[in-house]
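>>> Fold the stuff below for me.
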Amino acid sequence: NTTPDEVLKLNQPTKGFLCPITANTAGIQFLSFKIRDADNPDKIIFETSLDSQPEVEITADMDMDTLRQIKYTFDKSFLTSRRIGTTVVFAVGEQPVHNFRMIERHYFKNTLLKSFDFNFHFCIPQSTNSWECIYEMPKLDKKQVDDMMNMPYETKSDSFYFINDGEMIMHNKASYKFVDTSKQ
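A predicted model of the protein is given here:
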């Protein structure tokens, strides 16, 4: 089992997933997710919910890991944001959850840009919870912004979720594309 300390030492995105999709013994289910500009709360960058997603038909030959990967397309202004806020709404299974910890590692071209570490100390069984996190964004110079725009999906992140002081129950991956929406 991979520990939080091991995850915090990663210098590049993982090649695969560090736990099986079946590791979610807490029955945690993400219901909605929103990203906003924390300095301009009315500016929604991304928003989705379980209700708004088409139903995925699970087939015997399906690669279940595709359910743990997402590709985002954001406006280039995201790269110069000072702070962003995320809100995730999630449901908990039948058992209490202690120390629900999320560690996110963000990379560009296999170089660590920023790491975030958040802890939701206790979740009541069969509850729905809202978790807001504020992210101080890394300061990027013009060349880095240009490179990230010119190399779609080379910006990546790994999100690791732990409970009970170190049991990894989920690992998700994302890749990012940045565009100039003013030219569209």
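>>> ok, residues contacting the strand or helix carrying His171?
Secondary structure from DSSP states H and E places His171 in strand 167-179. The list of residues contacting strand 167-179 from outside it, by CB atoms under 8 Å, 6 or more residues apart in numbering, reads 1-3, 7, 13-14, 17-19, 23-26, 28, 68-76, 78-79, 145, 148-149, 152-163. C-beta here means a position set from N, CA and C on the backbone, and glycine is covered the same way.
>>> And the strands in the chain?
29-37, 40-49, 69-75, 83-91, 97-108, 111-123, 128-136, 155-163, 167-179 (DSSP state E).
>>> Next, the angle strand 69-75 makes with the lowest-mean-pLDDT helix or strand in the chain.
Between all helices and strands in the chain, the lowest mean by mean pLDDT, DSSP states H and E belongs to strand 40-49, at a mean of 90. Computed with axes from the mean of the first three to the mean of the last three CA atoms, to 10 degrees, the direction of strand 40-49 lies at 150 degrees from that of strand 69-75.
>>> buried stuff in strand 40-49?
Neighbour-count burial for strand 40-49, counted by 16 or more other CB atoms under 10 Å, picks out Ile45.
>>> picking that back up, mind checking the strands of the chain for the one nearest to Met62?
Counting by CB to CB, Met62 lies closest to strand 69-75 out of those; the figure is 13.0 Å.
>>> What are the buried residues along the closest one?
Ile70, Tyr72, Phe74.
>>> gap between the last one and His171?
Using CB to CB, to the nearest Å, we find Phe74 at a distance of 22 Å from His171.
>>> Contact partners for Ala91?
In this structure, Ala91 makes contact with Gly27, Ile28, Gln29, Leu31, Gln126, Ser127, Thr128, Asn129, judged by CB under 8 Å, 6+ apart.
>>> what about 10 Å?
Gly27, Ile28, Gln29, Phe30, Leu31, Leu50, Cys123, Gln126, Ser127, Thr128, Asn129 (CB atoms under 10 Å, 6 or more residues apart in numbering).
>>> does it have beta-bridge partners, and which?
Per DSSP bridges, residues listed as beta-bridge partners of Ala91: Gln29, Thr128.
>>> Longest helix in this structure, please.
Looking only at the chain and at elements set by DSSP state H, the helix with the highest residue count is helix 142-150.
>>> tell me the centre residue of the protein?
Taking CA atoms, centre = their mean as the criterion, Ser159 is the residue nearest the geometric centre of the chain, at 4.9 Å.
>>> Enumerate every residue touching Thr2.
Taking CB under 10 Å, 6+ apart as the definition of contact, the neighbours of Thr2 are Leu10, Thr14, Leu18, Cys19, Phe160, Phe162, Gly166, Met168, His171.
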